[in-house]
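Student: Got a predicted structure here, sequence first:
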Amino acid sequence: MEGWRFFKKTLMLVVKGSTGYYLWCAFLLAVIAVGVTFYREQLDAGLIVTNMKNQVSWGLYIGNFTYLVGVAAAAVLLVIPAYIYHFDPIKEIVVLGELFAASAIVMAVMFVLADLGRPDRFWHIMPFVGILSFPQSLLAWDVIVLNGYLALNTLVPIYILVKSYYGKEPNKKFVIPLILLSIPWAVSIHTVTAFLYNGLSARPFWNASILAPRFLASAFCSGPAIIIIIFQIIRKVAGMKVKNEALFKIAELIAYAMFINLFLLGAELFKEYYSATIHLAPLEYLYQGLNGHHALVPWIWTAFAFNVAAFLIFLIPRTRRRLVTLNIGCALMIVGVWIEKGMGFVVPGFVPDPLGEIYEYLPNATEAAISLGIWAAGLLIFTLFMRVAIPIQRGDFMHSKYDELAQSHRMQSRHAPVPPPRPGF
Amino acid sequence: MPDNRPTRRNFLKTLSAGTLGGLVFAATGCKREVLDEFLQKHFREMTDEEKKQVIRRLEKSYREKYGLDFKVGTTEAVPNTLWGYGLDLSRCIGCRRCMHACVQENNNSRAKPQLQWIRVLRLKKGNLINLEQSEHYYNPETVPEPGFIYMPVQCQQCENPPCVKVCPVQATWKEPDGIITVDYNWCIGCRYCIAACPYKGRVFNWAEPTISREEWNTDVHYLGNRPRMKNVVEKCTFCVQRARIGRYPACVEACPTGSRKFGNLLDPSSEIRYIIENKRVFRLKEDFNTEPKFYYFFSI
């Protein structure tokens, strides 16, 4: 009965909204619809409708997947200061950050499904039902850690939100261990995703031990950069209290992460260029072009310029602490890391291929449409999460209020005191 | 290898697969065959009776789809056999007849794209290991061309295969006779194996294979040249359908210069053993520890 009432009320929250909210959802649904149309065509004809070939057998989908796993892992950046150091301004927004991580994981999984040739055989990879080749295949590890992370990042925030809906303190004995667990787990999802590539001796570009640390460093740039922007939107649109201080703190952490990322990139460039073995070829293809093939060169230099510019913006306190420059820095970093870790990472792994052939891959309209559809689906999921989570966090959507309302009807009293908003956990 | 005792794992599997199938069946109301195909087990987990049923269903569906009577074999590996391959780089003239014979024998998609399991590289003389200097699409009037040597590459049937290691669903494995095979009905099309192979030994059916009616080879093996479907991976199997009944792979038969040798590595009197013992052989990318059973050598 109780659960049903809660469900009905959340449904109301999600269904009713302002014109702007309806327009935003309609826009996302339209983008999703376009993506679905293209995806049905891909299911029908096969992956031939993409620009992937035997030479470059993963492309935009897997690039996006890699990027989004990093974004999801970055939620841990909010969890650490919030729970361990009790840094209050971040504490208030950490639940939202975790829900953002959950949405990112859903997107990442959708990208894998979009790339999968036989989604109809999905059950083959399910443990117990099918055959999950654990611990041999790193893809099996990824299935496990991603699903675990998704479960953690939905369970914890939903538990905390439901508790605050009923005006109760969360049971710390239950929730704190889960929160602490989510920290190494975040590191693990991105490490496993890095190992997925890292373990392939056939691909020298990926077969570098620096890969996992670099993945983590760049993830801690792009993920929090997205979060800074999203929190400002939430603050404006939904009136959620997010202190500037919290945003600046995140920006400072981003600056350190970007420094490590650039340093590791330098280490990689030095090793490959100074030793200049035949394994230099993929890096050459990426940064200079190889035998007259230059498709990725403008992209990677754009990424490099964006990342360095964003690093400087976040490093200098004056630019970091002004919202305009902060947002420019975030935008640069989101795009910069997306290029570096998406196309700029996946494609050079295949170029030149193991027998020395060069195929220049760039995604086509089908891949772009399906990818945009997935991004829209993720944003829609996050929006709906926010529709429920924000009123709870603000203290507007509470069980007690509902009860009081019911009681006041009975007692004909309209002056029941409204409880003060609860601080976030 | 199949263990038919009712273990808990098997029970759980049957139960969940049954539920899953039931749901799909109810949802689509589709034909019995479609359901059977959807629920088909991994080839290595099937009992002999189940294999027979699957083969019957496949032959029926091929008849309906292509109007031809296919004979789908499941011949098992011959005991005490480990297939090995020899390729004489001194003799190969780069004519690509092996590649064409392979496509025909193995029912590979003919166009858009044509899938080839053998790739012949043209290398400048004096340059053998750096494959980045190789030319894949050489197209002269006549071969061989002066100043070049030719190096055909196909699946090297590694004893330590990286592709098998990475497959998340064990859809590809090493058979007792050393051949790496794929269960096309179990492959989920993730292409991780393609990324893992250092020899480009695998290709993907990006679309439904295109083969005209008169081009089909109807003498097929479940693990080899039977018709494939879209979005699954495929590879050289040393012509498993031939090797296991004592025939040479199609590429060996097609080679006009006798550059291609094939035999049982466990048989001391085989030609391949003679080559390994008496010629200077090498294997491609030995530094990867993949232990290929594909030996390149120079007879002259």
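Tutor: Now that the structure is in, tell me what you want to look at.

Student: can you pull the contacts of residue 204?
Tutor: Going with chain A. A:279, A:282 (Cβ atoms under 8 Å, 6 or more residues apart in numbering or on different chains). In short, each C-beta sits where N, CA and C put it, glycine included.

Student: ah, no, chain B please
Tutor: A:47, A:54, A:57, A:117, B:189, B:191, B:194, B:231-234 are the contacts of residue B:204 under Cβ under 8 Å, 6+ apart.

Student: Widest-spaced pair of those?
Tutor: Spanning the widest gap among the contacts of residue B:204 are A:47 and B:234, at 14.1 Å by Cβ to Cβ.

Student: Sketch out the low-pLDDT regions of chain B for me.
Tutor: B:1-30 (pLDDT under 70).

Student: which secondary structure element contains the residue in the stretch 151-300 of chain A that chain B sits nearest to?
Tutor: Taking Cβ to the nearest Cβ as the measure, the stretch 151-300 of chain A has residue A:202 as its residue closest to chain B, at 3.7 Å. According to DSSP states H and E, residue A:202 maps onto no helix or strand at all.

Student: pLDDT score assigned to it?
Tutor: You'll see residue A:202 listed with a pLDDT of 95.

Student: about what we covered before: which among the contacts of residue B:204 end up buried?
Tutor: A:47, A:54, A:57, A:117, B:189, B:191, B:194, B:231-234 (16 or more other Cβ atoms under 10 Å in any protein chain shown).

Student: all helices for the stretch 101-250 of chain A, in order.
Tutor: A:138-165, A:172-198, A:211-238, A:244-275 (DSSP state H, counting those that start in this stretch).

Student: returning to what we had before: quick check: closest non-adjacent residue to the residue of the stretch 151-300 of chain A closest to chain B.
Tutor: Nearest residue to residue A:202, sequence neighbours excluded (Cβ to Cβ, 6 or more residues apart in numbering or on different chains): residue B:198, at 3.7 Å.

Student: The one you found against residue A:353, yeah?
Tutor: No - using Cβ atoms under 8 Å, residue B:198 makes no contact with residue A:353, being 10.1 Å away.

Student: What distance do you get for the residue of chain A found nearest chain B to residue A:354?
Tutor: Nearest residue of chain A to chain B: residue A:117, at 1.9 Å (Cβ to the nearest Cβ). Look at residue A:117 and residue A:354: by Cβ to Cβ, to the nearest Å, they are 21 Å apart.

Student: Same check on residue B:218?
Tutor: From residue B:218 to residue A:354 the distance is 34 Å (Cβ to Cβ).

Student: Neighbour count for the two, which is higher?
Tutor: A direct count of neighbours by other Cβ atoms under 10 Å in any protein chain shown for residue B:218 and residue A:354 places residue A:354 higher, at 23 against 16.

Student: In contact with the more buried one, which residues?
Tutor: A:202-203, B:131, B:197-200.

Student: in what helix or strand does it lie?
Tutor: Short version, using DSSP H and E: residue A:354 is in no helix or strand.

Student: separation between it and residue A:198?
Tutor: Taking Cβ to Cβ, one finds residue A:354 at 17 Å from residue A:198.

Student: Check which helix or strand the spatially closest residue to the residue of chain A closest to chain B that is not a sequence neighbour maps to.
Tutor: Closest residue to residue A:117 apart from its sequence neighbours, by Cβ to Cβ, 6+ apart: residue B:189 at 1.9 Å. Under the criterion DSSP H and E, no helix or strand holds residue B:189.

Student: Please list all residues in contact with residue B:189.
Tutor: Here residue B:189 is in contact with A:47, A:116-118, A:121, B:204, B:231-233 (criterion: Cβ under 8 Å, 6+ apart).

Student: Make CSV from those residues and add distance to residue A:224 to it.
Tutor: As requested, those are exported to CSV (distance: Cβ to Cβ, whole Å):
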residue, distance to residue A:224
A:47, 34
A:116, 30
A:117, 34
A:118, 36
A:121, 37
B:204, 37
B:231, 37
B:232, 40
B:233, 38
